[in-house]
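>>> structure of the sequence below:
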Amino acid sequence: MEHIIKPFDEAINYRLRTIYLESLGAMVTYPGQQPRPRVRKHEAWRDIQPFGRHGWGPTKGVFANTTHPLDITATTNRKVWVWSDLHFGHKNIIRFSDRPFYSIPQMDEALIENFNKHVQPNDISIWVGDIAFYPDDVANQILHRCNGYKIQVIGNHDFSKKKLKKLHFNETHIVYNLTIDGTTVAFTHYPMDNLPSGWINIHGHVHKGKPDKAATNRHINVNCEFINYEPIGLDQLADMVDMMSKMPESSDKIAYDEYD
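Numbering: from 1, shown residues only. The predicted model follows:
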């Protein structure tokens, strides 16, 4: 099925960033706990400037070798791929999420191999947060082994002591957006609980082994654990967006409470 995809829009992203940060900083009360912000260190997210509005560079705590987001629709010979929550080097993730690997080195190599099996050197990929638990230099060695132009959407594990890790992505965003067949698609690491009517949220963060309380007909979870530890093509996601956009909006609210 052919889809009309419009590229990153700065005005949409500014609105998306505003409502996303409002959600992260909202006061919540979980059972047995005192009221607190949904994300305890949400101030660190607010301090990061929107991509393309004020410029980027190592002095702002961000690595990026572009000054404006790439128009991913500008060429027809570059495929776009999406995945999230790789957790390279995370020693507990295999047990926590029952991942089918016997060691961290085996998991790391399998993820790299699966990525490069699909993503060609001229392709584009969107990584929806929680990249690696290694020091930056080790994480960057992995990123340099992965093909193509890489766009990062920041996750909670992409910080180190409230500072954003300096990972070698071509672009780094708090949030990202595309428009698919007239539907605004918001890419965020955390599932959005305040998604504007008519929008669809592509997110990560929710892992296997936990009830997926973020599952509504407006949310698509691209955590690699749910997509066979391989990136999923944007064309396949566009089919899902098209189908979901034609459904009546569910009145269900996400009830996911593990934001930290």
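>>> helix/strand/coil for the residue of the chain positioned farthest from its centre?
Most distant from the centre of the chain: residue 32, at 29.9 Å, with distances by C-alpha atoms, centre = their mean. Residue 32 falls in the coil class when you classify it by DSSP: H, G, I helix; E, B strand; the rest coil.
>>> state the pLDDT value of it.
pLDDT for residue 32: 83.
>>> can you offset everything so residue one is 801?
Okay, using 801 as the starting number, the last item reads as residue 832.
>>> next up, phi/psi of it, please.
Main-chain torsions, residue 832, degrees, to the nearest 10: phi 80, psi 10.
>>> could you count how many residues lie near residue 847?
Neighbour count of residue 847, defined by other C-beta atoms under 10 Å: 11. C-betas here are computed from N, CA, C, even on glycine.
>>> got phi/psi on it?
Residue torsions, per degrees, to the nearest 10, at residue 847 are phi -70, psi -10.
>>> residues touching it, list them.
By C-beta atoms under 8 Å, 6 or more residues apart in numbering, the contact list for residue 847 is empty.
>>> how near is it to residue 962?
8 Å (C-beta to C-beta, to the nearest Å).
>>> same thing with residue 953?
Taking C-beta to C-beta as the measure, residue 953 falls 19 Å from residue 962.
>>> burial measure for the closest residue to residue 828 other than its chain neighbours, as a count.
Distances taken as C-beta to C-beta, 6 or more residues apart in numbering put residue 838 closest to residue 828, at 4.9 Å, once the chain neighbours are dropped. Neighbourhood size, residue 838 [other C-beta under 10 Å]: 19.
>>> list the contacts for residue 838?
823-828, 1059.
>>> quick one: which two of those residues are the most distant?
By the measure C-beta to C-beta, 827 and 1059 form the most distant pair in these, at 12.3 Å.
>>> those two: who's more crowded?
Neighbours per residue (other C-beta under 10 Å) separate residue 827 from residue 1059, with residue 1059 holding more: 20 against 8.
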